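1. Quick one, fold the following:
(one chain, ligands or ions: 2)
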Amino acid sequence: MKRQLSRRQNWRINKIQEERAARAARREHKTLEALEGGDLGPEQKGLVIAHFGVQIEVEACEGELKGQRIRCHLRANLPALVTGDYVVWRPGHQGDGVVVAQLPRHSELCRPDPRGQLKPVAANVDQILIVVAPLPEPHANLIDRYLVAAEHAGIRPLLVFNKADLVTEDNQASLEALLSVYQSLGYAVLSVSAQSRTGLDQLQQSLKGCISVFVGQSGVGKSSLVNQLLPEVQTPVGALSEFSGKGTHTTTTARLFHFPEGGDLIDSPGIREFALSHIDRQIVTEGFVEFRPWLGRCRFRDCQHQHEPGCALLGALAEGHIDPKRMESYRAIIHSLPVNTSY
Ligand SMILES: Nc1nc2c(ncn2[C@@H]2O[C@H](COP(=O)(O)OP(=O)(O)OP(=O)(O)O)[C@@H](O)[C@H]2O)c(=O)[nH]1
Ligand SMILES: [Zn+2]
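-> Ligands and ions are numbered 1, 2, ... in the order given. Purely as a prediction, here's the structure:
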């Protein structure tokens, strides 16, 4: 009986929400019609700064309005836009505007939505800053997961080793051993301290001219670094959770910030946690860059690289071309995948 009731209540709640959404959509449609009926300004390029339900905040990239932020309505039939998207838009007469087209993306960061479907959450990201620190103790496995995600998205990763001030005689050797694995694979590693400001100039240099995101385990100092790099916080970093609308699943709402020294940041709690809930065996295998020369060379086409005879990866491991720690990490990631993922 109780169950029935709550199902009924759920249905009512859903219905009310649907009606509310439909009313908002009708209102939006009217506004849009009025705007498009009047004469709009010229088509021009803009950058999506943030998304607010049916509207988006666009920064003008050119013309008289360059640098200004405009609340824009979305012409019907546009693909879903995300922060970092470049668009074509037309100014209206009341400080608003209409987005008329999306320009092509060169990269996408995706996350599963509540239904498990992959959705882009940020576009045109050039660089993923994977933040690690002596504390909390870094896990190679987690770093490798971020690297796989970056490789899969085709976005350059940069390892940012924060809290360099916490390096001591006791932990130095193991930290250097951990990081040298990545350096020898060709990944850039930058040693910094948000606290003592060591290395921040160099970090600023590597942010210039591109859109970056920060990822990494909780407590490594992402907020601290962002606070150092964005001193005149355009939106308080502490208020990031406001965008996530506490307790809802919309934690993926991202916002674009400009670093005063150049370069952009896209940030949101959802992006910081951007990890790998949505990868399969093939993505992981290809995400280990040093495996690439050996892929497709195993005796068996469906080789799982575990203990099969004639496995090219195992051969490369035995000959010292693959670091045993990375192989161990690879296996741990594969092991953590839901069973039956396709190869
Ligand atoms: N010693 C030292 N402490 C730091 C440094 N950077 C950050 N911290 C400290 O580390 C703790 C965590 O920093 P946050 O910036 O909140 O870390 P976060 O990665 O944003 O954490 P989440 O918000 O949980 O994801 C805070 O107590 C900071 O003061 C650093 O360079 N050196
Ligand atoms: Zn194999």
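2. How is the chain partitioned into domains?
-> 2-102, 110-272, 281-336 (automatic domain parsing).
3. Just give the nearest non-adjacent residue to the residue of the stretch 101-250 of the chain at minimum distance from ligand 2, would you?
-> Closest contact between the stretch 101-250 of the chain and ligand 2, by Cβ to the ion, is at residue 148 (17.6 Å). Quick note: C-beta positions are derived from backbone N, CA and C, even for glycine. In this structure, residue 148 finds its nearest non-sequential neighbour in residue 287, 3.0 Å apart by Cβ to Cβ, 6 or more residues apart in numbering.
4. Relative to residue 63, how far out is the one you found?
-> Going from residue 287 to residue 63 by Cβ to Cβ, to the nearest Å gives 41 Å.
5. Next: residue 131.
-> Going from residue 131 to residue 63 by Cβ to Cβ gives 37 Å.
6. Compare the two and say which is more crowded by neighbours.
-> Taking neighbours as other Cβ atoms under 10 Å, residue 131 and residue 63 compare with residue 131 leading, 25 against 13.
7. and the more buried one, what does it touch?
-> By Cβ atoms under 8 Å, 6 or more residues apart in numbering, the contact list for residue 131 reads 160, 162, 214-217, 220-222, 225.
8. okay, now the spatially closest residue to residue 211 that is not a sequence neighbour: neighbour count?
-> The spatial neighbour of residue 211 that comes closest, neighbours along the chain excluded (Cβ to Cβ, 6+ apart), is residue 264 at 4.6 Å. Residue 264 sits with 23 neighbouring residues when counted by other Cβ under 10 Å.
9. State the distance from residue 264 to ligand 1.
-> Distance, residue 264 to ligand 1, using Cβ to the nearest ligand atom, to the nearest Å: 19 Å.
10. Please name the residues that touch that residue.
-> The contact partners of residue 264, taken as Cβ under 8 Å, 6+ apart, are 210-212, 256-258.
11. same question, residue 138
-> So residue 138 contacts 132, 175, 178, 217 (Cβ under 8 Å, 6+ apart).
12. what about 10 Å?
-> Residues near residue 138 by Cβ atoms under 10 Å, 6 or more residues apart in numbering: 130-132, 159, 161, 174-175, 178-179, 216-217, 220.
13. repeat for residue 43
-> 88-91, 98, 100-101.
14. can you check residue 212 too?
-> Contacts of residue 212 by Cβ under 10 Å, 6+ apart are 125-129, 155-156, 158, 203, 206, 229, 259, 263-267.
15. For it, which non-adjacent residue is spatially closest?
-> residue 127 (4.4 Å).
16. what's the spacing between the one you found and residue 142?
-> Distance of residue 127 to residue 142, given as Cβ to Cβ: 19 Å.
17. about what we covered before: hmm, which two among the contacts of residue 43 are most spread apart?
-> 91 and 101 (14.8 Å; Cβ to Cβ).
18. Parallel or antiparallel, list what pairs with the lengthiest strand in the chain.
-> Using DSSP state E, we find that the single longest strand of the chain is strand 44-52. Note on strand 44-52: by DSSP bridges, its sheet partners are strand 55-60 (antiparallel), strand 86-91 (antiparallel).
19. Minimum distance to residue 313: which of the ones you listed has it?
-> Among the strands paired with strand 44-52, strand 86-91 comes nearest to residue 313, with 40.0 Å by Cβ to Cβ.
20. residues making contact with the closest one?
-> Residues from elsewhere that reach strand 86-91 (Cβ under 10 Å, 6+ apart): 35-36, 39-48, 56, 58, 60-61, 63-65, 68, 70, 72-75, 78, 81, 97-106, 123-124.
21. Check the offset of that strand from the chain's centre.
-> 24 Å (Cα atoms, centre = their mean, to the nearest Å).
22. Buried residues, that strand. List them.
-> For strand 86-91, a neighbour-count test (16 or more other Cβ atoms under 10 Å) marks 86-87, 89-91 as buried.
23. what's the next helix or strand after that strand packed up against?
-> Downstream of strand 86-91, the first helix or strand assigned by DSSP states H and E is strand 96-102. Contacts defined by 3 or more Cβ pairs under 10 Å, 6 or more residues apart in numbering; DSSP states H and E place strand 96-102 against helix 2-37, strand 44-52, strand 55-60, strand 69-74, strand 86-91.
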